[in-house]
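Colleague: Pasting the sequence and the predicted model now:
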Amino acid sequence: MNNAKCAIVDRVAPSRRPTRPIAGYQHWRSLLFMHWPVAVETLRQLVPAELELDLYEDNAYVGIVPFEMEGVRPWWWPKSCSMSFLETNLRTYVICNGQPGIYFFSLEANSRLAVFGARAGWGLPYHYGQASISRANGMTEYETRRPGNGPRHSVRYRVGSEVGPSEPGTLQHFFLERYLLFVERAGKLYSGQVHHVPYPAFDADVLEVHDELMAAAGLPGAAKPPEFAHFSPGVDVEVFSLTRVASSRSKNLA
């Protein structure tokens with residue numbers, strides 16, 4: 001079985017700010033982190049072989065994160081030209097060369113320009129989707145839907161009590177403190193990095209969720225609310241360009 005059970009993983013090093021030039025800036029706001037356990041064997045079939053599955057106590061997870069993107073711009077754009085839009089990502093957790101990161105199955109954004117830019121510049125599996133967010137009586141409702149008969153995701157939730165900083169080794173840190181992404185482009189593996197302060201984190205109570213994004217990605221559908229849910233009001237983010245990853249194919253596939 002291909003996983004990171006025996007790997008030595010430094011989960012703090014990726015949070016350190018890189019010394020190379022910044023590619024862009026973003027402000028991530030009102031993030032809801034929802035996580036469901038998934039069978040390792042199922043996940044292994046959907047993740048590139050070059051990437052090890054990152055497990056927490058031998059358990060694999062997929063996450064859906066709806067949030068607001070503000071102030072999105074390349075480093076050379078003036079702030080007045082920055083973009084704002086809603087985004088939803090479907091992800092799991094992987095390790096490459098001892099570095100923990102994220103692998104995205106899909107990302108939704110209600111900005112066609114953002115979708116085009118992320119696909120062309122980063123090779124990420126972005127999709128355009130009509131999206132909305134509303135807040136009333138202490139609850140938040142969020143929805144995204146791809147055009148036509150495309151998959152839909154909707155959630156209604158309430159923010160709970162503050163849970164404090166994420167400590168390395170905890171499940172909260174495993175889910176939230178991710179600074180690297182890995183993407184396969186034309187058969188080659190690349191990594192991208194972001195930098196921000198640790199997430200201020202709160203418990204979240206998911207009152208209702210309907211998801212079709214998992215099934216669209218080939219994953220088992222979410223038949224019930226997430227097993228774990230966290231909320232963060234957000235962080236300001238520096239984005240760094242993709243770099244090529246030297247990685248060999250695993251010889252221990254499931």
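Modeller: Nice, thanks for sending it over. Residues are numbered from 1 along each chain as shown.
Colleague: Over to the residue of the chain most remote from its centre: give its phi and psi.
Modeller: For the chain, the largest distance from the centre (Cα atoms, centre = their mean) belongs to Asn137, which lies 27.9 Å off. The phi and psi torsions at Asn137 (degrees, to the nearest 10) take the values phi 50, psi 40.
Colleague: cool, and Leu124?
Modeller: phi -80, psi 150.
Colleague: check contacts around it.
Modeller: Leu124 makes contact with 104, 107, 118, 181, 183, according to Cβ atoms under 8 Å, 6 or more residues apart in numbering. All C-beta spots, glycine's among them, are computed from the backbone N, C-alpha and C.
Colleague: try 7 Å
Modeller: 104, 107, 118, 183 (Cβ atoms under 7 Å, 6 or more residues apart in numbering).
Colleague: ok, back up a step: so how far is Glu143 from the residue farthest from the centre of the chain?
Modeller: 17 Å (Cβ to Cβ, to the nearest Å).
Colleague: quick one: low-confidence ranges for the stretch 151-254 of the chain?
Modeller: Scanning the stretch 151-254 of the chain for pLDDT under 70 picks out the ranges 247-254.
Colleague: all strands for it, in order.
Modeller: 152-162, 180-185, 188-195, 202-211, 228-244 (DSSP state E, counting those that start in this stretch).
Colleague: Flag every buried residue along the second one.
Modeller: It refers to strand 180-185. Residues 180-184 are the ones in strand 180-185 that count as buried (16 or more other Cβ atoms under 10 Å).
Colleague: again with stretch 83-92
Modeller: For stretch 83-92, by 16+ other Cβ under 10 Å, it's 83, 85-92.
Colleague: Of those residues, just say which sits nearest to Val206.
Modeller: Thr88 (14.2 Å; Cβ to Cβ).
Colleague: Perfect, that will be all.
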